[in-house]
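> Dropping the sequence and predicted coords here.
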Amino acid sequence: MESVEIEHESGRKPTFLFLQSRIMAARDTVVEKIQVIAERVAASEGLEIVDVQLLGGGGTRVLRMFIDRPEGVTHADCELMSQQVGTILDVEDIIPGGKYTLEVSSPGVERKLSRPRDFERFTGQKIKVTLREPVEEKSHWMGTLAGFTAGVITLEPAPGKTIQFPLEQVEKANLKFEW
C-alpha cells in the first residue's frame, strides 16, 4: 500500500492511502476466477470465451462476457452461458456483494483479437492494429493478417508489402469488416 504524508503548519501529518492498485488487483483476481468458470462451461458447449469484463462498482456492476464459435453464436448459446455461468457465480459467491448484471453476447463482426489463437484463426482476414511502439513511423495499421508464427504477426497493409511485429507490441487489434 502506498502512502503520502503532507506536513501542515500545525506539525500534524495526515496520511492518505492510495488503494487504487489494490482495488484493481482484486478486480483482476475476480475476473480471472470468472474466466476459468466461463472457459469450463464454454468448452463443454463447443464455445470460445473471447473476453470477460467486469465494469462499474457497487450496485451498478456489469459483467460482460463475449462468446464465439466458428459457425456463429445463437441467442440460445448466449442464454445457456448466462444461465450456467450465472448460477455458478451465484452459488460460489465469486462477485463480492453479489449484485451485478450479466450480459452475454457475440463479439460482433469486428471482434477483438488478443490471444495467439485469435491471430492463428483469422489469418487471411482484414484487421486493424494499434501498436505500442511505431513500426515504420506508424502506430496504426490496417491490412490482411498474412500470418502468425512464433509470436510474430505478419501484416500485409498493401499488396506485395508486409510488416512484422511481435504480439507483445499490439496494444489493440480487431477484425475489420469490409462492407
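Great, that's in hand.
> Show me what the helix or strand containing L54 is packed against.
L54 belongs to strand 48-55 when assigned by DSSP states H and E. Counting contacts by 3 or more Cβ pairs under 8 Å, 6 or more residues apart in numbering; DSSP states H and E, strand 48-55 packs against helix 20-44, strand 62-68. Just so you know, the C-beta spots here come from the backbone N, C-alpha and C atoms, and that holds for glycine as well.
> rank these by pLDDT, which is bottom?
Ranked by mean pLDDT, the helices and strands packed on strand 48-55 end with helix 20-44 at the bottom, a mean of 81.
> Could you pull out the helices in this structure for me?
Per DSSP state H, the chain carries helices over the ranges 20-44, 75-92, 116-121.
> Name the strands paired with the strand holding L54 and say parallel or antiparallel.
Partners of strand 48-55 in the sheet, by DSSP bridges, are strand 62-68 (antiparallel).
> Next, the buried residues of the partner strand.
By 16 or more other Cβ atoms under 10 Å, the buried positions in strand 62-68 come out as 63, 65-68.
> okay, and for this protein, where does confidence drop off?
Along the chain, the model assigns pLDDT under 70 to residues 1-27, 98.
> in the sheet, who's paired with the spatially most central residue of it?
Closest to where the C-alpha atoms of the chain average out (Cα atoms, centre = their mean) is D51, at 4.5 Å. Going by DSSP bridges, D51 is paired in beta bridges with F66.
> And it, how close does it get to H75?
19 Å (Cβ to Cβ, to the nearest Å).
> before we move on, what about K138?
40 Å.
> same question, L131
36 Å.
> Looking at these two, which is more packed in?
The neighbour count for L131 versus H75, taken as other Cβ atoms under 10 Å, is higher for L131 (19 against 10).
> Is the more buried one in contact with E171, as I believe?
Yes. Here L131 lies in contact with E171, judged by Cβ atoms under 8 Å, at a distance of 6.2 Å.
> burial measure for the nearest residue to E39 once chain neighbours are set aside, as a count.
Leaving out its chain neighbours, the residue that sits closest to E39 by Cβ to Cβ, 6 or more residues apart in numbering is I49, at 5.3 Å. Using other Cβ under 10 Å, I49 has 21 neighbouring residues.
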